[in-house]
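J.: sequence and predicted structure are below.
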Amino acid sequence: MAEEQIVNFDEKSESLHYKCPSCGAALTFDPEKQALVCEHCGTEQKIEFDSDVKERSFEELFSAEGWKGDVKVIQCQNCGAREVLQKNQISATCPFCGSASVVEKDEMPGVKPDTVIPFKIDEEVAKKSCIKWLKGRFFSPSAFKKNIKLNGLKGCYVPVWTFDSDCLASYSGRLGRTRTRTVVINGKTTTQTYVEYFYVSGQMDGFYNDIYVSGSSSVNQKFVGKVQPFDINEYVRYDDKFLAGFMANHYDVQPLDAWKNAEQRIRNDFQTRIMNRYGASHVDFLDIKLSHVSKSFKYLMLPLYISAVKYKNKVYNQYTNGQTGKVAGKAPLSWLKIGLVSLLGIAAIVALYLLLM
Ligand SMILES: [Zn+2]
Ligand SMILES: [Zn+2]
């Protein structure tokens, strides 16, 4: 097919910004120096950090600036993950599965991120903390821990949509409270519980700040949650320079779908608050109309190192926080060890039982 082509290893660089002024080699973002550095001759180029990050107006969700010219989209043929790379960058392996069969896609990368938390620790530090984490997995097979080889580790910005809303809810419905009453049945007095329903209507306001919605289905959100926190004070305005030597996971959760998810969470929160207002425990029906007095969004990139290890033909991914080095993810499990520990647990319970007898 014409729309896909194998990434060409001698592809001509079209982006001149990130070439070393002294030797012409590629510059990459150095997390320790927080600057662009030439890997060939060591020349440093400062980056201007713009920390004046504003929320974007909602209309921009429909007309937001595309990410054009300087970046390309690649897709892994093995697991399907899509990444955004600088045009002049060569990607040999997929961070999620370690596969080298990566093709360039002829597609636009979509909305350009406006905010980024730059990487703070470098690849070597991330590798070390990831291997240390894997070695510390008690339930992993000893044979695996003896010789851990990462099947690649790559700095990858992970997309997150965040929404703010100053919101007014108009509601009407029928709610219920749990009540008790004393009744006499066959001459016996007993207490019964029942639900007393009543009609409600009114208004309530709320301000919602930074509701996070993941922008990617390739990244396991559970583990992104586990490597938090990220230092939100280090938000800066996005610049393509941060991508030099790194990848960005391509968002596949569309901005409007992300907003629907955020709005559903706002609605759920209002429902809880409205029920609390009346001390209600049951909902017969509750209609909540939201009007957003003002709403805005940010498209944020979080710094994560993504790595893969292969063990007995299975791939396990780890996620390392690019600011702090905190690791979470998957590791191979030894069923023998899990079995032994469960047996020991059972034995301990039996021993305790016999002792108490
Ligand atoms: Zn140079
Ligand atoms: Zn892959």
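T.: Nice, thanks for sending it over. Keep in mind it's a predicted model, so treat the numbers as computed, not measured. Ligands and ions are numbered 1, 2, ... in the order given.
J.: that's a strand at residue 190, yeah?
T.: Yes - checked against DSSP: H, G, I helix; E, B strand; the rest coil, residue 190 lies within a strand.
J.: beta partners for it?
T.: Note on residue 190: beta-bridge partners residue 183, judged by DSSP bridges.
J.: ok, it to residue 319 distance?
T.: 56 Å (CB to CB, to the nearest Å). C-beta here means a position set from N, CA and C on the backbone, and glycine is covered the same way.
J.: more neighbours, these two?
T.: Counted by other CB atoms under 10 Å, residue 190 and residue 319 do not tie: residue 319 has more neighbours, with 25 against 10.
J.: where does that one sit: helix, strand or coil?
T.: Per three-state DSSP, the secondary structure class of residue 319 is strand.
J.: what stretches of the chain score poorly on pLDDT?
T.: 1-17, 62-65, 68-69, 91-92, 109 (pLDDT under 70).
J.: let's see it at 80
T.: 1-18, 51-70, 87-93, 106-111, 221, 232-233, 356-357 (pLDDT under 80).
J.: which stretches in it count as helices?
T.: Using DSSP state H, the helices of the chain run over 60-63, 123-135, 142-146, 221-226, 255-278, 335-356.
J.: so what's the nearest residue to residue 20 once chain neighbours are set aside bridging to?
T.: Excluding the flanking residues, the one nearest residue 20 by CB to CB, 6 or more residues apart in numbering is residue 38, at 3.8 Å. Residue 38 has these beta-bridge partners by DSSP bridges: residue 27.
J.: give me the beta-bridge partners of the closest residue to residue 108 other than its chain neighbours?
T.: Nearest residue to residue 108 in three dimensions, chain neighbours excluded: residue 66, at 5.7 Å (CB to CB, 6+ apart). Note on residue 66: beta-bridge partners residue 111, judged by DSSP bridges.
J.: test my guess that residue 66 contacts residue 107.
T.: No - under the contact definition of CB atoms under 8 Å, residue 66 does not touch residue 107, with a separation of 11.1 Å.
J.: residue ranges for the strands of the stretch 151-300 of the chain, please.
T.: Here the stretch 151-300 of the chain has its strands, by DSSP state E, counting those that start in this stretch, at 153-185, 188-214, 236-237, 247-249, 282-311.
J.: for the residue nearest to residue 202 when sequence neighbours are not counted, the count of nearby residues, please.
T.: By the measure of CB to CB, 6+ apart, the closest residue to residue 202 outside its immediate chain neighbours is residue 171, 6.3 Å from it. Neighbour count for residue 171, taken as other CB under 10 Å: 19.
J.: with residue 355 instead?
T.: Quick note: residue 355 (other CB under 10 Å) scores 7 neighbours.
J.: ok so, going back, OK, contacts around the residue nearest to residue 202?
T.: 200, 201, 202, 203, 204, 270, 274, 286, 287, 288, 289 (CB atoms under 8 Å, 6 or more residues apart in numbering).
J.: how close does it get to ligand 1?
T.: According to CB to the ion, to the nearest Å, residue 171 stands 63 Å off from ligand 1.
J.: what do you get for residue 325?
T.: From residue 325 to ligand 1 the distance is 29 Å (CB to the ion).
J.: so what's that residue closest to, chain neighbours aside?
T.: Closest to residue 325 by CB to CB, 6+ apart is residue 129, at 4.3 Å.
J.: same check, this time on residue 273
T.: Per CB to CB, 6+ apart, closest to residue 273 is residue 204, 6.3 Å.
J.: coming back round to it: what about the residue nearest to residue 20, neighbour count?
T.: 21.
J.: what is the burial count for residue 79?
T.: Around residue 79 there are 16 residues (other CB under 10 Å).
J.: that one reaches residue 96, doesn't it?
T.: Yes - when contacts are counted by CB under 8 Å, residue 79 is listed as touching residue 96 (5.3 Å).
J.: wait, what's in contact with the residue in the stretch 101-250 of the chain that ligand 1 sits nearest to?
T.: Among all residues of the stretch 101-250 of the chain, residue 244 sits closest to ligand 1, at 13.1 Å; criterion: CB to the ion. By CB under 8 Å, 6+ apart, the contact list for residue 244 reads 18, 26, 27, 28, 29, 36, 86, 89.
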